[in-house]
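# sequence and predicted structure below; questions after.
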Amino acid sequence: MYMPKNIFKGKKHAALVIGHPFGGSKAQTSGLYAMKMAEQGFITLAYDASFHGESGGEPRYIESPEIRVEDFSAAVDYLSNHRLVDAERIGVIGVCGSGGYSVSATQIDHRIKALATVSMYDMGRARRQGLGDGITYEQRMKTLDEVGKQRTVEFIGAPRRDTSAIPAQIDDSASENTKEFYEYYECVK
């Protein structure tokens, strides 16, 4: 949580919830946005989404859209009850992947009075169709078949198989986009 430098403690103030990118943590982008917005006079809250960063939960680094949307509402719960926050002046900023989650949260949680996104990214499409729509329909159907088979064997006791959006390693042949993605998100783990 970030407070404006010269906050007046006898008054309630506008507040912002800042959501981090897909696969990220508050130690990256959202913490910086929260700090900068506090310098502009807002009380801000940058949090680690469920299963990310310093938050709890297993499996780690899972991206669950419904939980990520709920995380925004949980942050609003906290701010709505803070003695220095005006519950009628709470907004959200969603960065990158959490941009989509912040839009969904704002649609269903009417306590959120303002919404901004930064570099909002359609994570659903990217996960389904790959960056630049590089995954074919046939590849998507094969993946869904494999997921179904894996669920079946896990139900009867096979070990859980997790996948990551972040490659385990990259080499010189990786695209510039992949290299930047790897460098930014690999530091989270």
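Sure, I can see it. Numbering: from 1, shown residues only.

# chain center to the strand ranked longest in the chain, what's the gap?
Longest strand in the chain, counting residues (DSSP state E): strand 85-95. Chain-centre distance of strand 85-95: 16 Å, with Cα atoms, centre = their mean, to the nearest Å.

# show me what that strand is packed up against.
In terms of contacts (3 or more Cβ pairs under 8 Å, 6 or more residues apart in numbering; DSSP states H and E), strand 85-95 is packed against strand 13-19, helix 29-39, helix 65-80, helix 97-108, strand 112-118. C-beta: built from backbone N, CA, C; applies to glycine.

# how about a cut-off of 6 Å?
Secondary-structure packing of strand 85-95 (3 or more Cβ pairs under 6 Å, 6 or more residues apart in numbering; DSSP states H and E): strand 13-19, helix 65-80, helix 97-108, strand 112-118.

# low-confidence stretches in the chain?
Within the chain, the segments meeting pLDDT under 70 span 165-166, 187-189.

# try 90
Within the chain, the ranges that satisfy pLDDT under 90 run 22-25, 27-29, 56-65, 97, 119-135, 161-189.

# got the domain ranges for it?
Domain assignment for the chain, taken from automatic domain parsing, gives 13-121, 135-186.

# just put those domains in TSV and tack on mean neighbour count and distance to M1.
Shown next, in TSV, are the domains of the chain (neighbours: other Cβ atoms under 10 Å; distance: least, Cβ to Cβ, whole Å):
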stretch	mean neighbour count	distance to M1
domain 13-121	19	5
domain 135-186	11	24
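
# turn these into CSV, including distance to P4.
Listed next are those as CSV, based on distance: least, Cβ to Cβ, whole Å:
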stretch, distance to P4
domain 13-121, 5
domain 135-186, 29
